[in-house]
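A.B. asks: Test case, fold it:
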Amino acid sequence: MRKIILSVILITILVLTFISNFIIADNPIPAEAVKFDTGDTAWMIVATAFVLLMTPGLGFFYGGMVGKKNVISTMLQSFMAMVIVTILWTVVAFGLAFGPTIGGIIGNPSYNLFFEGVGTNTAWSLAPTIPFILFALFQAKFAIITPALITGAFAERVRFWAYLLFMVLFILLIYTPLAHMTWHPDGVFFKMGVLDFAGGTVVHMSAGWAALAGAIFLGKRKVQKVNPARITYVLLGTGLLWFGWFGFNAGSALGANGLAAQALGTTTVAAAAAAMAWVFLDKILGHKLSALGACIGAVVGLVAITPAAGFVSISHAIFIGLFSAIVSNIVVSKFPKGKIDDALDVFACHGVGGMVGMLLTGVFASKAINPAVGDNQGLIFGTPTLFINQLTAMVVVSIFAFVASYILFFVVNKITPLRVTEEKEELGLDISQHGEFL
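C.D. replies: Purely as a prediction, here's the structure:
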């Protein structure tokens, strides 16, 4: 049956792409700018490449943490996100995220099927200095890494084909509505005044809550405590993630400008502060200063600064990094691992880090840093409106992402079993799922 389904998918895509100019209505988006800025365009091409590099970086980061017999499968889950989500985004998901709004919740994909109307002569309304297709491809990299983040929670026990199906449904039914609500000018969160510079809600909170849902639904691994296969992979992955995150955050300024430089600065110091806080706290609690701890801390800082990167000062970015690392470290240590097997602490790092970042954006956002903040500045400046909006969005996104993800896991499991058998788990996913091994 699976062979038939895959054959139908391939043939359908071949046929539709071949005859696309006959069956897809020409609905070009009106141009917002006739002449693009070459500097902005050059920077955004580079930033787009930076963000794509984060996904193989995540593969190394996760792959080094799992047991030796699951390294290839874990890394391949990230790699295949680049493959599947790229095509999905181009065919329909971009339109769902950024097409003309339907009730402020989701976009109308008919305008942008197969990137129809997404060309080099038009622009997105909020990025008028770069070609529309460049904006669309930049956003594709955000969509790619989000389901890849989730994989750390159910590592070492998920069937690969079931994961691919979940990934497709997650992008279509969870990621795209959140992206539309948060980043589209007509989205409900955008109109509320919710600030999310580069993906605290859309990427990290959605991935964190989906990870928790997956860990609960799939149940515990047969052996939860495993020695990381390659700490050096984790170090390499962290370096690639940190490097790529400059495109993630600074690129979200959508131009080569002062705001991009500010976001690069806040990203740099938040990651460093969080790594420092994590290893210091480990020592305070009686643990050794570990490479794994330093890497996890840096990533938590990167997660937490993401929604705030273009809205806060350097000093407040340091606070965000320090505070997020302390909170996530405590959550990791107190997480009920005997009951819920979030294998690589995705919820404690990405979910909690994203929530901390969202709330602290509501505390520290300043119109002196970014005029787009307006009069609804952070709580520290004496205006509570933004903080309340951030808190409201955090609660809504948390409930939606967790409940919807759990339903998707349930549906996927009805279509094809999500979890491998005990024998295949014991053998390892590298051999049982892919016929390969280190």
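A.B. asks: can you give me the helices in the stretch 201-350 of the chain?
C.D. replies: All helices of the stretch 201-350 of the chain, identified by DSSP state H, counting those that start in this stretch, fall at 206-218, 231-250, 258-284, 291-305, 314-334, 346.
A.B. asks: how about the second one as CSV, C-alpha atoms only?
C.D. replies: Below are the C-alpha coordinates for helix 231-250, written out as CSV (Å, rounded to 0.1, in the frame of the first residue of the first chain):
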residue,chain,number,x,y,z
ILE,A,231,29.6,14.8,22.2
THR,A,232,31.7,16.2,19.4
TYR,A,233,28.7,16.1,17.1
VAL,A,234,26.8,18.1,19.7
LEU,A,235,29.5,20.7,19.8
LEU,A,236,29.6,20.9,16.0
GLY,A,237,25.8,21.1,15.9
THR,A,238,25.8,23.9,18.4
GLY,A,239,28.3,25.9,16.4
LEU,A,240,26.3,25.5,13.2
LEU,A,241,23.1,26.4,15.0
TRP,A,242,24.6,29.5,16.6
PHE,A,243,26.1,30.5,13.2
GLY,A,244,22.8,29.9,11.4
TRP,A,245,20.8,31.7,14.1
PHE,A,246,22.3,35.0,13.0
GLY,A,247,20.4,34.5,9.7
PHE,A,248,17.4,33.4,11.7
ASN,A,249,17.2,36.5,13.9
ALA,A,250,19.2,39.2,12.1
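A.B. asks: just so I know, which of the helices of the stretch 201-350 of the chain lies nearest residue 53?
C.D. replies: In terms of C-beta to C-beta, the element of the helices of the stretch 201-350 of the chain nearest to residue 53 is helix 231-250, at 4.4 Å. C-betas here are computed from N, CA, C, even on glycine.
A.B. asks: and after the helix or strand bottoming out on mean pLDDT in the chain, which helix or strand comes next?
C.D. replies: Every helix and strand in the chain was compared by mean pLDDT, DSSP states H and E; the lowest is helix 20-23, with a mean of 68. For helix 20-23, the succeeding helix or strand toward the C-terminus, using DSSP states H and E, is helix 38-63.
A.B. asks: between the helix or strand following that next one and helix 231-250, how many degrees?
C.D. replies: Downstream of helix 38-63, the first helix or strand assigned by DSSP H and E is helix 71-88. Calculated by axes from the mean of the first three to the mean of the last three C-alpha atoms, to 10 degrees, helix 71-88 forms an angle of 20 degrees with helix 231-250.
A.B. asks: Could I get the average pLDDT for helix 71-88?
C.D. replies: Mean pLDDT, computed over helix 71-88, is 97.
A.B. asks: tell me the average confidence for the next helix or strand after it?
C.D. replies: Once the chain leaves helix 71-88, the next helix or strand it forms, by DSSP H and E, is helix 94-98. Here helix 94-98 scores 97 as its mean pLDDT.
A.B. asks: wait, what's in contact with the spatially closest residue to residue 248 that is not a sequence neighbour?
C.D. replies: Nearest non-adjacent residue to residue 248, counting by C-beta to C-beta, 6 or more residues apart in numbering: residue 51, 5.1 Å away. By C-beta atoms under 8 Å, 6 or more residues apart in numbering, the contact set of residue 51 is 138, 141, 142, 145, 244, 247, 248, 251.
A.B. asks: The first one contacts residue 49, correct?
C.D. replies: Translated: residue 138. No: in this structure residue 138 lies outside contact range of residue 49 using C-beta atoms under 8 Å: 9.8 Å.
A.B. asks: Settle it for me: which of those two has more neighbours?
C.D. replies: More neighbours surround residue 138 than the other of residue 138 and residue 49, with 25 against 15 (other C-beta atoms under 10 Å).
A.B. asks: gap between the more buried one and residue 342?
C.D. replies: Residue 138 sits 30 Å away from residue 342 when distances are taken as C-beta to C-beta, to the nearest Å.
A.B. asks: coming back round to it: ok, which of the helices of the stretch 201-350 of the chain comes nearest residue 377?
C.D. replies: For residue 377, the closest of the helices of the stretch 201-350 of the chain is helix 314-334, at 11.9 Å, according to C-beta to C-beta.
A.B. asks: and the helix or strand just after the closest one, how far from the chain's centre?
C.D. replies: As assigned by DSSP H and E, the chain's next helix or strand after helix 314-334 is helix 346. Chain-centre distance of helix 346: 11 Å, with C-alpha atoms, centre = their mean, to the nearest Å.
A.B. asks: Against which helices or strands is the helix or strand following helix 346 packed?
C.D. replies: Remark: after helix 346, the chain's next helix or strand is helix 352-364, criterion DSSP H and E. Counting contacts by 3 or more C-beta pairs under 8 Å, 6 or more residues apart in numbering; DSSP states H and E, helix 352-364 is packed against helix 206-218, helix 291-305, helix 314-334, helix 385-415.
A.B. asks: Contacts made by helix 352-364 with the rest, please.
C.D. replies: Counting by C-beta under 8 Å, 6+ apart, 195-197, 200-201, 203-205, 208, 300-301, 303-308, 311-313, 316, 319-320, 323-324, 327-328, 331, 378-380, 386-391, 393-394, 398 sit against helix 352-364.
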